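Enquirer: just a sequence and a predicted model for now, questions to come.
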Amino acid sequence: MGGGRRLASVLPLVLVVVGCDRGPQSESPAPAPTTPAVASAEAPAAAAAGTPSVEPSDMRSARSDGLASAVEREVDAARKLDALPEARAPVVPAGAALVAVVAGLPIPRSAFDEIYDLKVKKYADRGRTIPESADRRYRRSIVERLVHHERLRQRVVELGVDVDPAKLAERDEQQRRGITDWAKHLERRGETDASLRALIVAELREALVLEQAGRLAVSRAELEKDYESIKADWVSTEPRVRASHILVEIPSAGPGDDPAVLEATALAEADRLYALATAPGADFAALARERSSGPSAAKGGDIGIFTADRMEETFSKAAFALAVGEVSRPVKTKFGFHIIAVTGKWPPGELPLAALEDQIIERQRQRKLHAGRRTLKDELELAYPVTHHLLTPAELAPRMPSGPPVGASEDESDEGKAG
């Protein structure tokens, strides 16, 4: 039954994609010249669209490329994958204007307009017309972004995996932390909730695809080499601990508020969280991610390795009194009430490799991810050919690297980044 529901979710795709190949789009500029390989792949698939139904196995043997095989990939993946909404191909009415067709599957012009119109609006709100140089840059960068996102979507569908919704929710929460006016933040960046979410999904998918290929793995040799290069930076004459915490802030008193009542309420919440954190089978890191008010919440409350003089006295006194694995009762500092868990403890001297291993691995993974993203983009370009319908050949021509337009604000040069 579940498989049937997933299959049904992509059935409109078969009709939609076939409809998109019926002829040129009157609302779009003339498409760029199509490479012979792409044209020959699309034509027989469109011709076959009106034939009687064919078993998927026969279709696979009859056509190894083109529109039919692109649809087959979607249907096959839907049978085995409970996907994010973003894993489904966009629904594009027949005859609708397109940005491009990626490996036989369309990107609607509406996806471009949603982002582009906001970029133009930023200038209009200042009483300005978007400069020609900025307009060219926006048009190209938005198209490149949408095409890359579609290629990533097709790749994870083929792999039969996708982003963990919990990781997506965590990244979304990180984006919003510390921002008091989210709507204004989106307006400043020229994004919508949906377009910013798409950026986050794409970044997570890049990491997922590279991870699946084993390209983010850190070898023991790499770990030990990195440790040898940094261990001298971690020598200390003082003992150290590594701790995580859950912070319950004490709200600032407003008119009519009793500070004592606000503090008592915060302490009651901290006591409740302490009971949860020390219950059998408790997951302190998960509780910190869900309940802590501090910036370390995204890391499960981890605040790293420190000497006593690096923290407030009451915090350090409680942390250094704990054994590894113990959790403190709520401790008050100027930031609020803390429930502290000690995860490591070391005497003066050099820290062992085990103390720094997870930090080294994370640093190495980030390096590999940064380099791997560039390589992955090139690989996807070869694997998923694109036919452009919006940009002209001149706009698609290779360009020299350049900075943001003169007078552009910082947020206008961050196209394609989730932040």
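Expert: It's in.
Enquirer: what does stretch 348-368 contact?
Expert: Contact with stretch 348-368 is made by 210, 215-216, 218, 222-224, 226-227, 230-231, 234-240, 242, 304-305, 344, 346, as judged by Cβ atoms under 8 Å, 6 or more residues apart in numbering. C-beta here means a position set from N, CA and C on the backbone, and glycine is covered the same way.
Enquirer: how about it: buried residues?
Expert: 351, 355-356, 359-361, 364-365, 368 (16 or more other Cβ atoms under 10 Å).
Enquirer: and stretch 296-309, by the same measure?
Expert: 296-303, 305-306.
Enquirer: stretch 384-395 too?
Expert: 384-391.
Enquirer: for Thr192, see how far away Val101 is.
Expert: Counting by Cβ to Cβ, to the nearest Å, the gap from Val101 to Thr192 is 24 Å.
Enquirer: the two: who's more crowded?
Expert: Val101 (26 against 15; other Cβ atoms under 10 Å).
Enquirer: which SS class is the more buried one?
Expert: Put simply, Val101 is strand when judged by DSSP: H, G, I helix; E, B strand; the rest coil.
Enquirer: per-residue pLDDT, the residue lying closest to it once chain neighbours are set aside?
Expert: Of all residues not flanking Val101 in the chain, Thr387 sits nearest, at 4.6 Å (Cβ to Cβ, 6 or more residues apart in numbering). As predicted, Thr387 sits at a pLDDT of 95.
Enquirer: you'd agree Thr387 is in a strand?
Expert: Yes. Assigned with three-state DSSP, Thr387 falls within a strand.
Enquirer: related to what we said a few turns ago, go through the contacts of stretch 348-368 and flag which are in strands.
Expert: Using DSSP state E, the subset of the contacts of stretch 348-368 located in strands is 240, 242, 304-305, 344, 346.
Enquirer: all strands for the stretch 151-300 of the chain, in order.
Expert: For the stretch 151-300 of the chain, applying DSSP state E, counting those that start in this stretch gives strands covering 240-248.
Enquirer: low pLDDT regions in it?
Expert: Scanning the stretch 151-300 of the chain for pLDDT under 70 picks out no residues.
Enquirer: recalculate using a threshold of 80.
Expert: Where the stretch 151-300 of the chain drops to pLDDT under 80, the residues are 177-178, 294.
Enquirer: which helix runs longest in this protein?
Expert: helix 353-383 (DSSP state H).
Enquirer: starting at the chain centroid, how far to that helix?
Expert: 15 Å (Cα atoms, centre = their mean, to the nearest Å).
Enquirer: what angle separates it from strand 240-248?
Expert: 70 degrees (axes from the mean of the first three to the mean of the last three Cα atoms, to 10 degrees).
Enquirer: and the closest residue to Arg310 other than its chain neighbours, how many residues sit next to it?
Expert: Closest residue to Arg310 apart from its sequence neighbours, by Cβ to Cβ, 6+ apart: Ser316 at 7.6 Å. Ser316 has 20 neighbours, counted by other Cβ under 10 Å.
Enquirer: so Ser316 touches Ala308, yeah?
Expert: Yes. Ser316 is in contact with Ala308 according to Cβ atoms under 8 Å; the separation is 4.2 Å.
Enquirer: hang on, the earlier thing: can you tell me how far the residue nearest to Val101 sits from Ala96?
Expert: 15 Å.
Enquirer: from what I see, Ala103 and Pro385 are in contact.
Expert: Yes. Under the criterion of Cβ under 8 Å, Ala103 makes contact with Pro385 at 6.3 Å.
Enquirer: isn't Ile340 up against Ala243?
Expert: Yes. If you go by Cβ under 8 Å, Ile340 and Ala243 touch, sitting 5.5 Å apart.
Enquirer: give me the common contacts of these two.
Expert: Counting by Cβ under 8 Å, 6+ apart, the shared contacts of Ile340 and Ala243 are Ala319.
Enquirer: from the buried residues of stretch 384-395, pick the one nearest Glu173.
Expert: Among the buried residues of stretch 384-395, Tyr384 lies closest to Glu173 (Cβ to Cβ), at 31.5 Å.
Enquirer: tell me the pLDDT at that closest one?
Expert: 97.
Enquirer: residues contacting it?
Expert: Taking Cβ under 8 Å, 6+ apart as the contact definition, Tyr384 lies against 102-103, 150-151, 154-155.
Enquirer: quick one: those residues as TSV, columns for distance to Ile250 and neighbour count too.
Expert: Converted to TSV, these look like this (distance: Cβ to Cβ, whole Å; neighbours: other Cβ atoms under 10 Å):
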residue	distance to Ile250	neighbour count
Val102	52	24
Ala103	55	21
Glu150	48	25
Arg151	49	23
Gln154	50	23
Arg155	48	20
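Enquirer: Thr278 and Ile250: what is the separation?
Expert: Relative to Ile250, Thr278 is positioned 22 Å away (Cβ to Cβ).
Enquirer: higher neighbour count, the two?
Expert: Shown here are Thr278 and Ile250; by other Cβ under 10 Å, Ile250 has more neighbours (20 against 15).
Enquirer: torsion angles phi and psi at the more buried one?
Expert: In terms of degrees, to the nearest 10, the main-chain angles of Ile250 are phi -100, psi 120.
Enquirer: surely it touches Lys334?
Expert: No. The pair Ile250 / Lys334 is not scored as a contact, 9.3 Å apart, by Cβ under 8 Å.
Enquirer: tally up the residues packed near the closest residue to Glu312 other than its chain neighbours, please.
Expert: Leaving out its chain neighbours, the residue that sits closest to Glu312 by Cβ to Cβ, 6+ apart is Thr333, at 4.6 Å. Neighbour count for Thr333, taken as other Cβ under 10 Å: 15.
Enquirer: cool, thanks, talk later.
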